[in-house]
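Asks: Quick one, structure for this:
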Amino acid sequence: MAKHLKPKINTEDAQLIDIYLDAIWMEKGLSDNTLSSYRRDLVQFSVWLTDQGVIMKRCCRVDIQKYLAWRVKERRKASSTSRMLSCLRGFYRYLLREEMISEDPLLLIDSPKKGRPLPKTLTESEVELLLDAPDLSDPVQYRDRAMLEVLYATGLRVSELVALRLHEINLNQGVLRVMGKGGKERLVPLGEEAIHWVMRYMGEVRPALFTHDVSDVLFPSRRGQQMTRQTFWHRIKRHALTAGIDKTLSPHVLRHAFATHLLNHGADLRVVQMLLGHSDLSTTQIYTHVAQQRLQSLHQEHHPRG
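Replies: Residues are numbered from 1 along each chain as shown. Predicted structure coming up:
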């Protein structure tokens, strides 16, 4: 059986990448997922450069252009190339700032144009079907029901949901304290329905999920520990199948539904921005396109001249 070969990366580039990632972790407080994504992009670029006989500090604009041409030939998505270029821009700006290079090789490089895909979402009736899918006679599925209710009520990221601790929920006040991207904290209201399900879950089900040591994780796994976001995403897909929802769903499906349904019912865009924890309003604005599509379809369906 052939062994899995690690990418070839020279020692100097590897050290440079480590120094840069340590620096931006200190400066910006980026999450492990973001840092891993940056590392992947930088290592892949370094491996390609090494094959060309070039190291990262000696890279020039022509090398960048050749790399972009290679990505086009490899049919890499414009969105991933744009993300990769953003990563490289930050990397080379850092090297320039620290006087490790004298010229930024990306100075005259434009990002590829890309369409803005609309987020996949669910209708309100589909959300109801998904919420009703878990079998409440099973403690684990009862936990899932409470988690789904919280997701739809708050618009949390799945990674934020699975990381919730007991001290971060206040059922009397009906709020969650969430640590989002970049270590930014926000308060998110739960709503009566989610409070109802979480109270029942905590009183009747949560203690039964612990067979050994008890942790402070709000929604523990079968082993009583924090579950991964991948594990819960698999469970969402399972419940969607049970509910008969025949759509290709993203891990953020209930987050998207939360934002879209709020806007459909007249919520202010900046309020939705704060609830989602978006630092930039333009990130939230994409949901207005989904809401507009829904309004247009309703108009066509119900208006006599639609």
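
Asks: how many neighbours does residue 43 have?
Replies: By the other Cβ atoms under 10 Å criterion, the neighbourhood of residue 43 contains 17 residues. Backbone N, C-alpha and C define where each C-beta goes, glycine included.

Asks: Apologies, that question was intended for residue 152.
Replies: 24.

Asks: Now do the same contact list for it.
Replies: Applying Cβ atoms under 8 Å, 6 or more residues apart in numbering, one finds that residue 152 lies in contact with 127, 131, 194, 254, 257, 258.

Asks: Let me see the backbone angles for it.
Replies: Backbone dihedrals for residue 152, given as degrees, to the nearest 10, come out at phi -70, psi -30.

Asks: what helix or strand is the residue nearest to it when sequence neighbours are not counted on?
Replies: For residue 152, ignoring the flanking residues on the chain, the nearest one in space by Cβ to Cβ, 6 or more residues apart in numbering is residue 254 at 4.8 Å. Using DSSP states H and E, the element containing residue 254 is helix 253-264.

Asks: Can you report how many residues lie near residue 163?
Replies: By the measure other Cβ under 10 Å, the count of residues near residue 163 is 18.

Asks: Give me the spatial nearest neighbour of it, chain neighbours excluded.
Replies: The shortest distance from residue 163 to any residue that is not its chain neighbour, by Cβ to Cβ, 6+ apart, is 6.6 Å, and that residue is residue 226.

Asks: Hmm, that neighbour is touching residue 162, no?
Replies: Yes. At 6.0 Å, residue 226 counts as touching residue 162 under the criterion of Cβ atoms under 8 Å.

Asks: between the two, who's got more neighbours?
Replies: It is residue 162, of residue 226 and residue 162, that has more neighbours when counted by other Cβ under 10 Å, with 22 against 18.

Asks: Surely the more buried one and residue 229 touch.
Replies: Yes. Contact status for residue 162 versus residue 229: in contact at 5.5 Å, counting by Cβ under 8 Å.

Asks: Which strand residues bridge the residue nearest to residue 163?
Replies: Beta-bridge partners recorded for residue 226 (DSSP bridges): residue 220.

Asks: Residue 225: what's its closest spatial neighbour, skipping adjacent residues?
Replies: residue 215 (6.1 Å).

Asks: Show me what the helix or strand containing residue 200 is packed up against.
Replies: Taking DSSP H and E as the criterion, residue 200 maps to helix 192-200. Contacts of helix 192-200 with other secondary structure elements, assessed using 3 or more Cβ pairs under 8 Å, 6 or more residues apart in numbering; DSSP states H and E, are made with helix 139-154.

Asks: tell me what the helix or strand just after the helix it packs on is packed against?
Replies: As assigned by DSSP H and E, the chain's next helix or strand after helix 139-154 is helix 158-162. Contacting helix 158-162 under the criterion 3+ Cβ pairs under 8 Å, 6+ apart are the following elements: helix 139-154, helix 229-243.

Asks: mind putting these in a markdown table, distance to residue 20 and mean pLDDT included?
Replies: Formatted as a markdown table, the helices and strands packed on helix 158-162 follow (distance: least, Cβ to Cβ, whole Å; pLDDT from 0 to 100):
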| stretch | distance to residue 20 | mean pLDDT |
| --- | --- | --- |
| helix 139-154 | 34 | 92 |
| helix 229-243 | 26 | 91 |
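
Asks: Tell me which of those sits nearest to residue 273.
Replies: In this view, those are compared for proximity to residue 273 by Cβ to Cβ, and helix 139-154 is the closest at 14.2 Å.

Asks: Great, nothing more from me.
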